[in-house]
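[1] All I have is the shape, not the residue letters:
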């Protein structure tokens, strides 16, 4: 998505009009920008990789439902305690000893029903698998709905896993029915969904995967910190080895367009290649390289190596970030019947989520560009904090450690 050619007004970015920005009260603008940066800086310290997700996959055949539920071991340990020796490493023996507890805990928080009648669900097998952010318990499920029509008229899914412990948890459901695939996101605000089990139209699938893309860029703090670190100097000029506020808004906007477009093009390329299994890189290498890119992007704000060439930096490291997005998409699963549509929709969702962040950040940064707090507090101090957070990520990912709870 080439932002330089985009009609920004269509994205409700009219607030970027320089005259409107000039009227923004500095105190209010500062509070809003600090709140945005605090979200991006403080949340990653508590969420070392990404917020809590689980992956529920269901397939229907007549009155029968089969599937599997992938739940992060770290979340299960927090909820019911499965690391018996408290050494920070959950063994298969420890997991096996808690199979009954795990099944009881999970099934108490998942209810399937059809036509007003419950579909009793049971765990038929316990496995373990690795996702991009660690090990997951895998529960193989089977359910039988009451006899009636030859096929289920619809399915009600009531999902309440971890919502009492973490309001930010999300349940990602992929349901396959009659050769079509649909995806749904459960949240604390939307724990219950009714799914019509009819052939899913292309538009519905497109909207589902677009929503997934938006959500995953918003919870991808490492991606957002990389982008924000590159955008912080966009409203400034480097004069005599010191920062000063840019004189023209259009220059700052053009700088943002170059950085965001380069990042978009780069990660779109590698996201597509990885999702289509043309290139497959170890997730640990990819996640480590992403952490390193965040450090370098923030360090550039202090040493000013790239300068006006930050868009080249965005493109080079955007290629690595694309592999990170692909790992999320692989966890969701791509429908075989509409693979290209889902890939395009997910990528579009990532760009829309990215644009939303830019639409909030740029007007506020422009209104504060001439203030000391922006140059010293946000640009310098914020970059130092980003370096500290990303350095912890890097050590964790390279050495497979857990430094942050």
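    Good, I have the coordinates. Remember, predicted model here, so these are calculated numbers, not experimental data.
[2] Okay, and the residue nearest the centre of the chain sits in which element?
    Geometric centre of the chain, nearest residue: residue 216, 2.3 Å, by Cα atoms, centre = their mean. With elements taken from DSSP states H and E, the one containing residue 216 is helix 202-218.
[3] now for that helix, which elements pack on it?
    The contact analysis (3 or more Cβ pairs under 8 Å, 6 or more residues apart in numbering; DSSP states H and E) places helix 202-218 against strand 180-186, helix 221-231, helix 310-332, helix 339-368. Every C-beta, even on glycine, is put in place using the N, C-alpha and C of the backbone.
[4] starting at the chain centroid, how far to the shortest one?
    In terms of Cα atoms, centre = their mean, to the nearest Å, the centre of strand 180-186 is set 17 Å apart from its chain centre.
[5] Would you mind listing the outside residues contacting it?
    Outside strand 180-186, the residues that touch it by Cβ atoms under 8 Å, 6 or more residues apart in numbering are 157, 159, 170-175, 193, 195, 199-200, 204-205, 208-209, 211-212, 215, 332-333, 335-338.
[6] at 7 Å what do you get?
    Contacts of strand 180-186 with the rest of the structure, by Cβ atoms under 7 Å, 6 or more residues apart in numbering, involve 159, 170-175, 193, 195, 199-200, 204-205, 208-209, 211-212, 215, 332, 335, 337.
[7] and it, average pLDDT?
    On average, the pLDDT along strand 180-186 is 81.
[8] Residue numbering should commence at 10 henceforth.
    That works, and once the first residue is 10, the last one we named lands at strand 189-195.
[9] so the helix or strand following that strand versus helix 211-227, what angle?
    Downstream of strand 189-195, the first helix or strand assigned by DSSP H and E is strand 201-205. Relative orientation of strand 201-205 with respect to helix 211-227: 150 degrees, computed using axes from the mean of the first three to the mean of the last three Cα atoms, to 10 degrees.
[10] Can you name every helix or strand that strand 201-205 contacts?
    Identification of packing neighbours for strand 201-205 by 3 or more Cβ pairs under 7 Å, 6 or more residues apart in numbering; DSSP states H and E yields strand 163-168, strand 189-195.
[11] quick one on the thing from earlier: can you say which of the contacts of strand 189-195 are buried?
    The neighbour count (16 or more other Cβ atoms under 10 Å) marks 168, 179-184, 202, 204, 209, 214, 217-218, 220-221, 224, 341, 344 as buried among these.
[12] most tightly surrounded among the helices and strands packed on helix 211-227?
    Most buried of the helices and strands packed on helix 211-227, by mean neighbour count (mean count of other Cβ atoms under 10 Å): helix 230-240, with a mean of 25.
[13] Which residue ranges make up each domain of the protein?
    Residue ranges for the domains of the chain, per automatic domain parsing: 12-58+229-408, 62-210.
[14] With distance to residue 259 as added columns, please give the helices and strands packed on helix 211-227 in a markdown table.
    As requested, the helices and strands packed on helix 211-227 are exported to a markdown table (distance: least, Cβ to Cβ, whole Å):
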| stretch | distance to residue 259 |
| --- | --- |
| strand 189-195 | 38 |
| helix 230-240 | 16 |
| helix 319-341 | 16 |
| helix 348-377 | 11 |
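[15] related to what we said a few turns ago, lowest-confidence stretch among the domains of the chain?
    Within these, the least confident segment by mean pLDDT turns out to be domain 12-58+229-408, at a mean of 81.
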